[in-house]
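Make a model of this:
(3 chains)
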Amino acid sequence: MPELPEVETIVQQLRSKILDKTISKIKSYDSLVVDKKISYIKNQTITNITRRAKYILLTLNNQHTILVHLRMTGHFQYFPSVTIDKISQKYRAAQFNFTDNSSLTFNAIRRFERLLLLNPQQLQSTLSKLGPEPLDPSFSTQHFLTLCKQTPSSIIKTKLLDQTFIAGIGNIYAQEALYRAKINPTSKIKDISSKSLTVLHHTIRTILQQSIARGGTTVNNYFHLDGSGDFQDLLAVYQKDYCPKKHPIAHLTQNGRSTYYCPTCQK
DNA sequence: CGAGGTACCTGACAGC
DNA sequence: TGCTGTCAGGTACCTC
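Reported below is the predicted structural model:
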């Protein structure tokens, strides 16, 4: 499921395929997933492709932005010609046609995915709610400790998934970062030492960087444009029976989300 | 205001 | 085989 490293990987691939291309039209096949306004786009060039949290931002030369959220099962497929294969057609929610006859499908399996057209004010409003980017140089250890101290009674794993707290971390990387930092996912922030939180800040950043370097994690329905990532080979606890030190993994539910952790390593 | 719960969706899979 | 039930999970929205 796409979290920050998977979205970053997809953004890099989209840049190599469709940056500076001109959209001749975009056709919607699923009005639940795709903004109605998208059909107004004609003869617009994609001038920038960026990521913020788990959002993909395609900037158009009319200053509007196509904002895409893949949720769990959204994916893109690029076609050098207008021929679209049958598998892509089955889940196609939108299709971009470019003036050079290439095309891009946006496929939505679970229909949670969203593709919106936003003006600059709407974009600003959406992005302003998000917390800091964990890989941004300004996201220092001190910054993280300060944020943690603002909600001492919160459960640490819940907070890591809160996009207004830190942007881009999802269920898999939250669990993996906590394992590497040897922190129990049920701990309240005030019960975790500053030293451990410092380690957690470091593990969050390294785990995301390592995953980006490997093209992300490939589980269940996550695809990207050029094959798959292989960070799943480095997962320690997510959907595992034993941790790397051969201790049995425990499983519980927090806020309706599953959590895997090692009770031996994560006291 | 913050915290917690749930709806939204469909595919995969287990069990009968 | 084919049905039913459960689980997966990011975010918006609701209630307390």
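
just checking, A:Thr217 touches A:Phe231?
Yes. In this structure, A:Thr217 is within contact of A:Phe231 by Cβ atoms under 8 Å, at 4.2 Å. Bear in mind the C-beta positions are built from the backbone N, C-alpha and C, glycine included.

what sits in contact with each of the two?
A:Pro5, A:Ser211 (Cβ atoms under 8 Å, 6 or more residues apart in numbering).

buried residues in the helix or strand harbouring A:Thr198?
Taking DSSP states H and E as the criterion, A:Thr198 maps to helix A:194-213. Using 16 or more other Cβ atoms under 10 Å as the test for burial, helix A:194-213 gives A:Leu197, A:Val199, A:Leu200, A:His201, A:Thr203, A:Ile204, A:Arg205, A:Ile207, A:Leu208, A:Ser211, A:Ile212.

ditto for stretch A:71-82
For stretch A:71-82, the buried set under the neighbour-count rule, 16+ other Cβ under 10 Å, comprises A:Arg71, A:Thr73, A:Gly74, A:His75, A:Phe76, A:Gln77, A:Tyr78, A:Phe79.

Check stretch A:154-166 too.
Result for stretch A:154-166 [16+ other Cβ under 10 Å]: buried residues A:Ser154, A:Ile155, A:Ile156, A:Lys157, A:Thr158, A:Lys159, A:Leu160, A:Leu161, A:Phe165, A:Ile166.

Please state the offset of it from the chain centre?
Remark: stretch A:154-166 is offset 15 Å from the chain centroid, using Cα atoms, centre = their mean, to the nearest Å.

what mean pLDDT does that stretch have?
Computed over stretch A:154-166, the mean pLDDT rounds to 93.

send the alpha carbons of that stretch over as PDB?
The C-alpha trace of stretch A:154-166 is given here as PDB (Å, rounded to 0.1, in the frame of the first residue of the first chain):
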ATOM      1  CA  SER A 154      -1.200  10.100  22.900                       C
ATOM      2  CA  ILE A 155      -0.300   6.500  21.900                       C
ATOM      3  CA  ILE A 156       2.800   6.700  19.800                       C
ATOM      4  CA  LYS A 157       1.700   4.500  17.000                       C
ATOM      5  CA  THR A 158      -1.600   6.400  16.600                       C
ATOM      6  CA  LYS A 159       0.400   9.600  16.400                       C
ATOM      7  CA  LEU A 160       2.800   8.300  13.700                       C
ATOM      8  CA  LEU A 161      -0.200   7.600  11.500                       C
ATOM      9  CA  ASP A 162      -1.700  11.100  12.100                       C
ATOM     10  CA  GLN A 163      -0.900  13.000   8.900                       C
ATOM     11  CA  THR A 164      -1.200  16.300  10.700                       C
ATOM     12  CA  PHE A 165       1.500  15.200  13.100                       C
ATOM     13  CA  ILE A 166       4.000  13.800  10.500                       C
END
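
who's in contact with it?
With contact meaning Cβ under 8 Å, 6+ apart, stretch A:154-166 is reached by A:53-54, A:129-132, A:134, A:139, A:144, A:147-148, A:151, A:169-171, A:174-175, A:177-178, A:183, A:185-189, A:192, A:200, A:204, A:254-255, A:257, A:259.

repeat that for 7 Å
Residues outside stretch A:154-166 that contact it (Cβ atoms under 7 Å, 6 or more residues apart in numbering): A:53, A:129-132, A:134, A:147, A:151, A:169-171, A:174, A:178, A:183, A:185-189, A:192, A:254-255, A:259.

Show me how the record splits chain A into domains.
For chain A, automatic domain parsing gives the domain ranges A:4-127, A:141-261.

any chance of those in JSON lines, with distance to A:Lys267 too?
Shown next, in JSON lines, are the domains of chain A (distance: least, Cβ to Cβ, whole Å):
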{"stretch": "domain A:4-127", "distance to A:Lys267": "28"}
{"stretch": "domain A:141-261", "distance to A:Lys267": "6"}
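
With respect to DNA strand C, which of the ones you listed lies nearest?
domain A:141-261 (2.9 Å; Cβ to the nearest atom of the strand).

quick check, distance from the closest one to the centre of its chain.
Relative to its parent chain, domain A:141-261 has a centroid offset of 13 Å by Cα atoms, centre = their mean.

returning to that earlier point: of the buried residues of stretch A:154-166, which are in range of DNA strand B?
Contacts with DNA strand B within the buried residues of stretch A:154-166, counted by Cβ under 7 Å from any atom of the strand: A:Ser154, A:Ile155, A:Thr158.
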